[in-house]
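1. Requesting a structural model of the entry that follows:
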Amino acid sequence: MLRPQISGITGRRMSAFAALLLPALLACQCISSLRPNPVPVEPPVAPDLEAPPQEEQPAPPQEEQPAPPSEGRRSVSGTYESIFDWLLDLAEHFGFIGLPAAMDMDVRQSDITFDGPDPFVDVVGVWNENDSFEATGSGRVAGFPDVTVRMVGMITYERYEAYYIMGAGGELPQGQSITFRAQGVRTPEDGTEIGPIVPEDLDAFLAAFVPAIQTRDPVLRFARLNPEVIVRYGPEACQAYFESREPDPTFAIVVTSVEGPGPWDYTTDERTTTIEDAWTVQASVTSVGETADRELHFAQPGAFLTWFTDCGEPVQ
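-> Numbers count the residues shown, from 1 in each chain. The predicted structure is shown next:
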């Protein structure tokens, strides 16, 4: 089982608080394939035709309860100590918004809601089975009313990481949005300690990433983007690119070797950014029914592995 290490976000400032979140890295182990065991299906039970008819009784009224988390997942409802670092701000909105770098974020699961202090604009959305989420809202930003806000990321019981985009609908000056990189660590209700960040297993990442390509899941693909991709292309271009893609049920990745972490140059559109701690993966990749050997790259700037792509035209 591969346990890749954590890399930093190159070329962008990160708060001192964020740096404290990153623990010592674990050693990597060999990859093992993930193949779910088939679940036996019980045959339907035939009704007892000899049983006398029973008069139906009305069910007693029950208080409505929020939907429980799926089996194997703990509820993400709670308070998360959060940091927000601006990632992309082409029109220089940051000084007018005044979003604090650190704040407590209240999360409610039903489906999922993020509440924060002003000037944070609260968002409501859906927490998916693969732990990705997308939430939206609207409110006043830098004095402008009804500004669209979008938050896309990954969340578990212990922590979340997300892109928080203010002005996603072009309502801010020059039609430009501002994108923050948000990271949060849960504040335990019972006083227990939240464990340190551990390197994410590559097999577990691919087990969610491959179906996202097969079924055209734009939320997970966006949530798992490396921050340097957002910096190069902007959130709007990447979102439009993912939504334009067709499902590819043939998509598959068979890993043959893994090296790293180490420096790797992320080069697209005549632009290059050096990723200091990237994993280089040699794999047999099937796409649109065609199979070829390819070199893939992943990095873990925080709690979750991320990937790299070309979203179209660079923004700068």
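
2. Please enumerate the helices of this structure.
-> Taking DSSP state H, the helices of the chain run over residues 16-21, 94-97, 202-214, 218-223, 227-233, 235-244.

3. any chance of those helices in JSON lines, with mean neighbour count too?
-> From N, CA and C alone the C-beta is placed, and that goes for glycine too. JSON lines is the format used below for these (neighbours: other CB atoms under 10 Å):
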{"stretch": "helix 16-21", "mean neighbour count": "14"}
{"stretch": "helix 94-97", "mean neighbour count": "14"}
{"stretch": "helix 202-214", "mean neighbour count": "18"}
{"stretch": "helix 218-223", "mean neighbour count": "22"}
{"stretch": "helix 227-233", "mean neighbour count": "23"}
{"stretch": "helix 235-244", "mean neighbour count": "18"}
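
4. Any chance of TSV for those, columns distance to Thr192 and mean pLDDT?
-> Shown next, in TSV, are the helices of the chain (distance: least, CB to CB, whole Å; pLDDT from 0 to 100):
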stretch	distance to Thr192	mean pLDDT
helix 16-21	17	34
helix 94-97	35	89
helix 202-214	24	95
helix 218-223	27	96
helix 227-233	30	97
helix 235-244	35	95
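
5. The closest residue to Tyr266 other than its chain neighbours - how many residues pack around it?
-> Nearest residue to Tyr266 in three dimensions, chain neighbours excluded: Thr273, at 4.8 Å (CB to CB, 6 or more residues apart in numbering). Thr273 has 18 neighbours, counted by other CB atoms under 10 Å.

6. Wait, Cys311 touches Ala237, no?
-> Yes: taking contacts as CB atoms under 8 Å, Cys311 lies within contact range of Ala237: 4.7 Å.

7. what is the nearest residue to Asp310 once chain neighbours are set aside paired to in the beta sheet?
-> Once flanking residues are discounted, Asp310 sits nearest to Thr268: 4.5 Å by CB to CB, 6+ apart. Taking DSSP bridges as the rule, Thr268 bridges to Arg271.

8. wait, what's in contact with Thr268?
-> By CB atoms under 8 Å, 6 or more residues apart in numbering, the contact set of Thr268 is Arg232, Asp310, Pro314.

9. where are the low-confidence patches of the stretch 101-250 of the chain?
-> By pLDDT under 70, the low-scoring segments of the stretch 101-250 of the chain are 110.

10. what about 90?
-> Applying pLDDT under 90 to the stretch 101-250 of the chain flags the ranges 101, 103-111, 188-199.

11. the strands in it, which residues?
-> With DSSP state E, counting those that start in this stretch, the ranges of strands along the stretch 101-250 of the chain come out as 102-108, 112-115, 123-127, 132-141, 144-155, 159-166, 178-187.

12. any chance of the ones you listed in a markdown table, plus distance to Arg224 and mean neighbour count?
-> As requested, these are exported to a markdown table (distance: least, CB to CB, whole Å; neighbours: other CB atoms under 10 Å):
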| stretch | distance to Arg224 | mean neighbour count |
| --- | --- | --- |
| strand 102-108 | 20 | 17 |
| strand 112-115 | 17 | 20 |
| strand 123-127 | 15 | 18 |
| strand 132-141 | 8 | 20 |
| strand 144-155 | 7 | 21 |
| strand 159-166 | 10 | 25 |
| strand 178-187 | 13 | 22 |
